[in-house]
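1. Give the three-dimensional model of this entry:
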Amino acid sequence: NPIHTSALGARLFGFRRAIAHGMWTKARALAALTPPEPLIQVEVEVAFRAPLFLPGRAQLCAGPPGEVRDFEVRDAAGARTHLRGRLTLSAPPPKDPASC
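-> Next comes the predicted model:
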């Protein structure tokens, strides 16, 4: 998509310059928030709020770790929200120490 690869392509669609792909932004946030241990189920809800212009800097803000975790991707100053989401995790049940 030209809005993600060049400033000229982005301008043709009304953007000042190229923007990061929303799904990449979502995936990068989830990679940072998802624990390394195996999960049974993951549910993700996101709302794309504003374009993230390239080159650019952003910050990931998230609630405390737990089964449900709200998060946002904001600009470097923290003033503009690019993406808002909720991550819901279901971990496998603990192993029974008596089983193999």
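2. what pLDDT does the closest residue to F13 other than its chain neighbours get?
-> Nearest residue to F13, sequence neighbours excluded (Cβ to Cβ, 6 or more residues apart in numbering): I3, at 5.0 Å. C-beta coordinates here come from the backbone N, C-alpha and C atoms, glycine included. If you check I3, the pLDDT there is 83.
3. would I3 count as being in a helix?
-> Yes: assessed with DSSP: H, G, I helix; E, B strand; the rest coil, I3 lies in a helix.
4. How about the contacts made by it?
-> Taking Cβ atoms under 8 Å, 6 or more residues apart in numbering, we find I3 in contact with G9, A10, F13, F15, A18, I19.
5. mind listing what's buried in the helix or strand bottoming out on mean pLDDT in the chain?
-> Across the helices and strands of the chain, mean pLDDT, DSSP states H and E gives its lowest value to helix 2-5, namely a mean of 82. For helix 2-5, the neighbour count (16 or more other Cβ atoms under 10 Å) marks I3 as buried.
6. What is the burial count for P64?
-> Counted by other Cβ atoms under 10 Å, the residues lying close to P64 total 6.
7. quick revisit: from G14, how far off is the residue nearest to F13?
-> For I3, the distance to G14 equals 9 Å [Cβ to Cβ, to the nearest Å].
8. Repeat that for R69.
-> Look at R69 and G14: by Cβ to Cβ, they are 34 Å apart.
9. and what of A31?
-> Distance, A31 to G14, by Cβ to Cβ: 30 Å.
10. Would you mind extracting the C-alpha trace of the longest helix anywhere in the chain into PDB?
-> Under DSSP state H, the helix in the chain containing the largest number of residues is helix 22-33. Output of helix 22-33 as PDB, limited to C-alpha atoms (Å, rounded to 0.1, in the frame of the first residue of the first chain):
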ATOM      1  CA  GLY A  22      -1.800  -0.300  11.800                       C
ATOM      2  CA  MET A  23      -1.500  -4.100  11.900                       C
ATOM      3  CA  TRP A  24       2.300  -3.800  12.300                       C
ATOM      4  CA  THR A  25       1.800  -1.400  15.200                       C
ATOM      5  CA  LYS A  26      -0.700  -3.800  16.800                       C
ATOM      6  CA  ALA A  27       1.600  -6.800  16.300                       C
ATOM      7  CA  ARG A  28       4.500  -5.000  17.800                       C
ATOM      8  CA  ALA A  29       2.500  -3.900  20.900                       C
ATOM      9  CA  LEU A  30       1.300  -7.500  21.300                       C
ATOM     10  CA  ALA A  31       4.800  -8.900  21.000                       C
ATOM     11  CA  ALA A  32       5.900  -6.600  23.900                       C
ATOM     12  CA  LEU A  33       2.900  -7.500  26.100                       C
END
